[in-house]
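Asks: Sequence and predicted structure are below.
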Amino acid sequence: HIAHSREERHPLAKAPVTAPPNTVDGFVKQFLDNLNFGQGVALSASGVNDQYLALARTVRDYLMARWLETVRRQLVSQAKGVCYLSAEYLLGRQLGNSLLATGLEDVAAEALAECGIDIADLRAQEVEPGLGNGGLGRLAACFIDSLATMSVPSIGYGIRYEYGIFRQTFEDGQQVEKPDRWLSMGSPWEFPHPEAAQTISFGGRTEQYDDDGVTRTRWIPDWDVLAIPYNYMVPGYLNGRVNTLRLWSAQATKAFDLRIFNAGDYAEAVRAQTFAENISKVLYPEDSTPQGKELRLQQQYFFAAASIADFLDVVLPPDYDLTKLPDRAIFQLNDTHPVIAVPELMRQLVDVRGLEWEQAWEITQGCFAYTCHTLLPEALEVWSVDLLGRLLPRHLEIIYRINEEFLAAVRERYGDDELRVRNMSIIGEHPERSVRMAHLATVASVKVNGVAELHSQLLREKVLHDFHEFYPGKFTNVTNGITPRRFLRLANKSLSELITDALGPGWVTDLDRLRELETYAEDPEFRERFAEVKASNKRRLNRVLLERDGLEVDDTHMLDVMVKRLHEYKRQMLKLLHIVTLYDGIVSGRVPISEVTPRTFIFGAKAAPGYRIAKDIIHLINKVGSVVNADPAVEGRLKVLFPPNYNVTLAERIIPAADLSEQISLAGKEASGTGNMKFALNGALTIGTDDGANVEIRQLVGDDHFFLFGMTEPEVEELAAKGYVPSDFYRADPNLRSAIDLIASGAFSGGDRSVFEPVISNLLYNDRFMVLADYAAYIAAQERVDAAYADADTWTRSAILNVARCGFFSSDRSMRDYIDRIWHTPPSF
Ligand code: NBX
């Protein structure tokens, strides 16, 4: 426990911690101190990395007093807070956000200039912590930003992966993964606390014992590891609050290696350390269809158990009355990845702290809430009973008992409807006996939420329908959001300045105020300035991509962008068929080149390393790009760019420059999407299906400012029920046939027809996500895009209205919804 008081003899030790002076001179002094005393180098001898680390530490120093104060006040108030449990946090670079949150951007730039340093060079030095795969991890990062900005007591808990999401490179157009060594140049944003480590156990067996006449169970584990907390500051925007993100790193315990050292095998002991430390070594890069890998379950239990123990032992005061826990904390489960925290809390309460089962279950059910992020059945996590029982025998027993009592309640309600019982059981029997983590989460939680209206509706009506019937009122929706600090104010400074010129300050934390821009959309001068912002963002992107990848962006082109993980359901293939159709039309002479709107297509996408078809599609995009970009027949009209290693940093450059946002998933498959919100908020128009949060974006911005196409979710279901035959669409549509034939002919693979054969057969004979069925509608919608883009001023008006009407998608609003409907954790100042 944190010492509440200490004898402080020196008067300085009694004074509150204060920030360095908020002046250029004050900043220079702190920076030089950090460079000299922290890095141990003189300015004259320092390199750019030294300077970056010293700058990071300087900004940190400005935040420190506020951080300590935030922690102190929470200790005193004991207000109810959120424990956000997430296996991923896709944070993006920290420096810019910290400068923004402290209001130090200008002071820092000036101070460094006085030292002869361009701050832009230091910003470029930072390697972003890529501790997430995509939307789910980035959502967690946006949420903790909003919680800090809204002064809500909260802790983020997660894993400090030594290697985050892989660095993507292309070799001959194919994805090759390289390790992401994000820690290798130093990590100035973290504070390790080895003294606050938790011991996390695994394996072994359970036994019953007599405790004063009461039979109890204890777990006799087989091995353990240390979980070392690393704290990160989560600064609120200009509000003097700094929350904490606590990421756990695995280390071998003494017991772990002692046992082996005593056996005299030094090499084996060192190997065993590596085994323990493997747990937080690497982020699994599969963002769906997770393989039931033992190490992944170890990761999940490792961070879930460490977080629960940390909260109970370190955050709560000693002798806290645990029956009150639901009034003090809510553990939000970011998908099923942390759900093992449920039986872990039960174990803590029953086995470790001696509560009765019923009482413990009552507490547990009051402390968890679950967010589901998918609709794909194969993405719902299950763990084989065999594996779970071997790794966590006591937890399996607890899960069985929870299930037994739950199924008894189901039977009581529905009689012996065994089909229903089997469907709802936490334990599935096929193809092997396994624990269905989504069911466990649903049974244990106060609330279950989907991440967009349509998604929540489909959860209630389909995926978790029986549960919705059994627990009316448990299900709710919270539509996702994005932080306007990073994705508007930081990423699009010129648009932010234009907005502030129009509306004055304050909109960054009150994004509904963007509505006031609606009248400005009617002002020709404002439209002109808005168009100039877009053009300047394209020029900036051109500079970035030229330096980063040697790619050129023509700022007179429409910028048509599809950036997101590569997945069949997201349908990058549909985008590609559009490009091939345009190319095919020109080179075959069917379409006069003068009729083709000049477009630059930008892709950004990582594929899970084991996802064969996704990697083939990346290869195909790159090959189509090589041919199209080199063909003088389409020069100046079509260009395809695919910068490798799309990440948060690149997103911040691409999104503000985009004209057209591609959100073209098969209806009913994209839970929400959050990239869609980022584009609209930055004044790109969306071409999209009626899926995920697209539905809400379109409702808000209006049909005239959104290009809707494709089947609706019920139409998708109908087609599937009647039997979808993709080749029928191929045969019926000459443009589609010609585009597919062109790919199949080897035109993009040097004449080799075998290279893309798997992609083509998959489309023609399987096409699970109905690309061919939506092709014609998509092409027609793209023609509407061309027509609209031809009138630049009207397009700009639509773009402004997109910005004006997307304030709803601030993650501050998402947090308000969670607070009102699920958490009941008011702000605390
Ligand atoms: O979560 C995404 C959904 O696909 C998006 O529609 C949604 O907007 C976003 C935020 O709610 N899901 C996602 O990113 N999943 C993962 O990254 C993931 C990672 C590991 C894993 C399963 C899924 N085992």
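Replies: Done, it's in. Residues are numbered from 1 along each chain as shown.
Asks: hey, where'd the strands end up in the stretch 451-600 of the chain?
Replies: Remark: strands assigned in the stretch 451-600 of the chain by DSSP state E, counting those that start in this stretch are 475-477, 558-563, 599-604.
Asks: closest to R57 out of the ones you listed?
Replies: Comparing the strands of the stretch 451-600 of the chain against R57 with CB to CB, the closest turns out to be strand 599-604 (31.8 Å). C-beta: built from backbone N, CA, C; applies to glycine.
Asks: Adjacent strands (with direction) for the closest one?
Replies: Strand pairing for strand 599-604, using DSSP bridges, gives strand 558-563 (parallel), strand 638-641 (parallel).
Asks: give me the residue from the stretch 301-450 of the chain nearest the ligand.
Replies: Taking CB to the nearest ligand atom, the ligand has its nearest neighbour within the stretch 301-450 of the chain at H373, 3.9 Å off.
Asks: that older thread, switch the strands of the stretch 451-600 of the chain over to JSON lines; also include mean pLDDT and mean neighbour count.
Replies: Formatted as JSON lines, the strands of the stretch 451-600 of the chain follow (pLDDT from 0 to 100; neighbours: other CB atoms under 10 Å):
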{"stretch": "strand 475-477", "mean pLDDT": "98", "mean neighbour count": "18"}
{"stretch": "strand 558-563", "mean pLDDT": "99", "mean neighbour count": "23"}
{"stretch": "strand 599-604", "mean pLDDT": "98", "mean neighbour count": "25"}
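Asks: Between those strands, which one is closest to E268.
Replies: strand 599-604 (44.4 Å).
Asks: Contacts for that closest one, please.
Replies: Identification of contacts with strand 599-604 by CB atoms under 8 Å, 6 or more residues apart in numbering yields 553-554, 557-564, 572, 575, 579, 582, 621, 637-643, 646, 650-651, 654, 658.
Asks: filter these to the buried ones?
Replies: 553, 557-564, 572, 575, 579, 582, 621, 637-643, 646, 650-651, 654, 658 (16 or more other CB atoms under 10 Å).
Asks: Residue numbers of the stretch 1-150 of the chain in contact with the ligand?
Replies: N133, G134, G135, L136, G137, L139 (CB under 6 Å from any ligand atom).
Asks: which residues touch the spatially closest residue to I743 that is not a sequence neighbour?
Replies: Leaving out its chain neighbours, the residue that sits closest to I743 by CB to CB, 6 or more residues apart in numbering is F756, at 5.7 Å. By CB under 8 Å, 6+ apart, the residues touching F756 are D616, H619, L620, K623, I743, A744, F748, S749.
Asks: likewise P609?
Replies: F166, Q175, E177, P285, K615.
Asks: quick check: mean pLDDT across whichever strand or helix holds the last one?
Replies: Translated: K615. In this structure, K615 sits in helix 612-630 according to DSSP states H and E. The average pLDDT within helix 612-630 is 98.
Asks: And stretch 645-656, by the same measure?
Replies: 98.
Asks: Straight-line length of it, end to end?
Replies: Start-to-end span of stretch 645-656 (CA to CA, to the nearest Å) is 18 Å.
Asks: Can that stretch be said to contact the ligand?
Replies: No. Using CB under 6 Å from any ligand atom, stretch 645-656 never reaches the ligand; the gap is at least 13.3 Å.
Asks: circling back to that earlier point, may I have the helix holding K615 exported as PDB, CA atoms only?
Replies: Below are the C-alpha coordinates for helix 612-630, written out as PDB (Å, rounded to 0.1, in the frame of the first residue of the first chain):
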ATOM      1  CA  ARG A 612      -3.500 -17.100 -46.800                       C
ATOM      2  CA  ILE A 613      -6.200 -15.500 -48.900                       C
ATOM      3  CA  ALA A 614      -5.800 -12.100 -47.200                       C
ATOM      4  CA  LYS A 615      -2.100 -12.200 -48.100                       C
ATOM      5  CA  ASP A 616      -2.900 -13.100 -51.600                       C
ATOM      6  CA  ILE A 617      -5.200 -10.100 -51.900                       C
ATOM      7  CA  ILE A 618      -2.400  -7.800 -50.600                       C
ATOM      8  CA  HIS A 619      -0.100  -9.300 -53.300                       C
ATOM      9  CA  LEU A 620      -2.800  -8.700 -55.900                       C
ATOM     10  CA  ILE A 621      -3.300  -5.100 -54.900                       C
ATOM     11  CA  ASN A 622       0.400  -4.500 -55.200                       C
ATOM     12  CA  LYS A 623       0.600  -6.200 -58.500                       C
ATOM     13  CA  VAL A 624      -2.400  -4.300 -59.900                       C
ATOM     14  CA  GLY A 625      -0.700  -1.100 -58.600                       C
ATOM     15  CA  SER A 626       2.600  -1.900 -60.400                       C
ATOM     16  CA  VAL A 627       0.900  -2.400 -63.700                       C
ATOM     17  CA  VAL A 628      -1.500   0.500 -63.500                       C
ATOM     18  CA  ASN A 629       1.100   2.900 -62.300                       C
ATOM     19  CA  ALA A 630       3.500   2.000 -65.000                       C
END
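Asks: That one near the ligand at all?
Replies: No. Remark: helix 612-630 sits outside contact range of the ligand, by CB under 6 Å from any ligand atom, the gap being at least 13.9 Å.
Asks: Off-centre distance for that helix?
Replies: 26 Å (CA atoms, centre = their mean, to the nearest Å).
Asks: Also compute the angle for that helix relative to strand 558-563, please.
Replies: 160 degrees (axes from the mean of the first three to the mean of the last three CA atoms, to 10 degrees).
Asks: Could you pull out the buried residues of helix 612-630?
Replies: 613-629.
Asks: Over to stretch 268-278?
Replies: A269, A272, Q273, A276, E277.
Asks: Just the closest of those residues to the ligand, please.
Replies: E277 (21.6 Å).
Asks: Nearest residue to the closest one in space, please, no chain neighbours.
Replies: According to CB to CB, 6+ apart, the nearest residue to E277 is A250 (5.4 Å).
Asks: Just to be sure, the one you found is in a strand?
Replies: Yes. The assignment for A250 is a strand, going by DSSP: H, G, I helix; E, B strand; the rest coil.
Asks: Out of the contacts of P609, who's the most crowded?
Replies: Neighbour count (other CB atoms under 10 Å) singles out Q175 as the most crowded of the contacts of P609, with 25 neighbours.
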